[in-house]
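# Quick one: sequence plus predicted model below, questions after.
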Amino acid sequence: MRDVVVTADSKYSRPDQASGLRQAMSPHGLIPMPKVQVVAVSSGKGGVGKTNVVVNLAVASARQGRKVLVMDADLALGNVDIVLGVTPKYTIEDVLSGQQRLSQVLTPGPAGIHILPATSGGQQFSHLTYEQQLHLQSAFLQLPDPPELLCIDCAAGISANVLYFSLVAHETLVVVTPDPSSLTDAYALVKVLSTRYHLRSFRLLINRAKNVQEGKEIFRKFSLVTDRFLTLTLDYVGCIPLDDYVNMAVTQQRAVCDLYPRAPSSRAFHTLASSVHQWASDPSWRGGFQLFGPAAMAATQSVMEG
């Protein structure tokens, strides 16, 4: 696969800087890597419960026997650690600065998951440079004990980092709520990724749905618009019900799947986790852009906003 850089308008060749990094890591050729499923969770706007979806998907997946790593990819305003009530000693800033190895920064969480915490107020990482992207991918490649599932909690909106992490993932899961502004902003995110960066496959999750029927109706309306104006595949992965137990768990800085495993939302998260696991065994599983493995280097890019 050629080493490429993605700009705001197209994909084209970049000098062999990534290839040099690959060879430096393995003088005798590419290092065989275990298959790691990478899922980027995004939303068009904030306030839709995206981080809560990520942590509960991670906990539910771990309860089902998978080795899970959560990456807080809101690199300037991370809050996964806050949502789960953990206090990290290090953050991704220590990895990108070369002060710590990635394995030393990972923070234990509930159900045996691990967390790669982000900084809070670290504006210097709000737009990763090409070199920082390479450094991060190198750090993942050198993990001595890689996870089976990596859940990336992207920032809200269409910033450069959101676009980048959506591209290096195997799957892009877009979270929306019944709020019309949530749907409008989610459409903007999907449009940018599909028209500028040629991403053709998306999964849609409805959060805080009153019932299953509302979730299906929201997906129907959203898909009607994408089918008319965009060239992509949009799959419905279900809905998470509006559930008071979620707010109770958030107040206690716990995942609802961990604190209230029999709550309606917890059951829905376990169903979602089972679906995510099935994606990895699908023969049509999208590859190419991967944060793990040598093919990751082909996804390094400088995404220019605007």
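Here it is on my side, so go on. Residues are numbered from 1 along each chain as shown.
# roughly how far apart are the nearest residue to residue 214 once chain neighbours are set aside and residue 227?
Distances taken as Cβ to Cβ, 6 or more residues apart in numbering place residue 178 nearest to residue 214, at 6.4 Å, with adjacent residues excluded. (C-beta placed from N, C-alpha, C; glycine too.) Distance, residue 178 to residue 227, by Cβ to Cβ, to the nearest Å: 20 Å.
# more neighbours, those two?
Legend: neighbour count by other Cβ atoms under 10 Å for residue 178 and residue 227, higher for residue 178 (17 against 12).
# just checking, next helix/strand downstream of whichever strand or helix holds residue 95?
For residue 95, the enclosing helix or strand under DSSP states H and E is helix 92-96. For helix 92-96, the succeeding helix or strand toward the C-terminus, using DSSP H and E, is helix 102-105.
# Which other helices and strands does that following helix contact?
Helix 102-105 is packed against helix 92-96, with contacts defined by 3 or more Cβ pairs under 8 Å, 6 or more residues apart in numbering; DSSP states H and E.
# For the helix it packs on, which outside residues touch it?
71-72, 75, 78, 100-102, 104-105, 116-119, 122, 125, 132, 135-136, 139 (Cβ atoms under 8 Å, 6 or more residues apart in numbering).
# These, buried ones only, as a PyMOL selection?
The PyMOL command for the buried members of the contacts of helix 92-96 (criterion: 16 or more other Cβ atoms under 10 Å) is given here:
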select buried, resi 71+72+75+78+100+102+105+116+117+118+119+122+125+132+135+136+139
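# I'd like to know which of the contacts of helix 92-96 are part of helices.
Secondary structure from DSSP state H places 102, 104-105, 132, 135-136, 139 of these in helices.
# So which bits of the helix holding residue 95 are buried?
Of the residues in helix 92-96, those scored as buried under the neighbour-count criterion (16+ other Cβ under 10 Å) are 92-96.
# chain center to it: distance?
The chain centroid and the centroid of helix 92-96 are separated by 18 Å, computed with Cα atoms, centre = their mean, to the nearest Å.
# For that helix, list the C-alpha coordinates in CSV.
C-alpha atoms of helix 92-96 as CSV (Å, rounded to 0.1, in the frame of the first residue of the first chain):
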residue,chain,number,x,y,z
ILE,A,92,-1.4,11.2,26.0
GLU,A,93,0.7,14.4,26.2
ASP,A,94,3.4,12.4,27.9
VAL,A,95,3.4,9.9,24.9
LEU,A,96,3.5,12.6,22.3
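# still on that earlier bit, give me the pLDDT for the residue nearest to residue 214.
According to the per-residue confidence, residue 178 scores 97 in pLDDT.
# what does residue 141 give?
The predicted structure scores residue 141 at 85 on the pLDDT scale.
# again, but for residue 90
94.
# what helix or strand is it on?
Here residue 90 is assigned to no helix or strand, by DSSP H and E.
# residues contacting the residue lying closest to it once chain neighbours are set aside?
If the residues on either side of it in the chain are set aside, residue 90 comes closest to residue 105, at 4.3 Å by Cβ to Cβ, 6+ apart. Residue 105 sits next to 88, 90-92, 94-95, 116-117 when contact means Cβ under 8 Å, 6+ apart.
# quick one, helices of the protein?
Applying DSSP H to the chain gives helices spanning 17-25, 50-63, 80-84, 92-96, 102-105, 130-141, 160-168, 180-195, 212-229, 244-251, 256-259, 264-281.
# Give me whichever of those is most buried.
Ranked by mean neighbour count, the helices of the chain are led by helix 50-63 with a mean of 26 (mean count of other Cβ atoms under 10 Å).
# got the angle for it vs helix 264-281?
Counting by axes from the mean of the first three to the mean of the last three Cα atoms, to 10 degrees, helix 50-63 lies at 70 degrees to helix 264-281.
# From the rest of the structure, what touches helix 50-63?
Counting contacts by Cβ under 8 Å, 6+ apart, the residues outside helix 50-63 that touch it are 39, 41-43, 68, 70, 79-80, 83-84, 109-113, 149, 151-154, 156, 175, 205, 207, 240, 246, 250, 255-258, 261, 265-266, 269-270, 272-273, 276-277.
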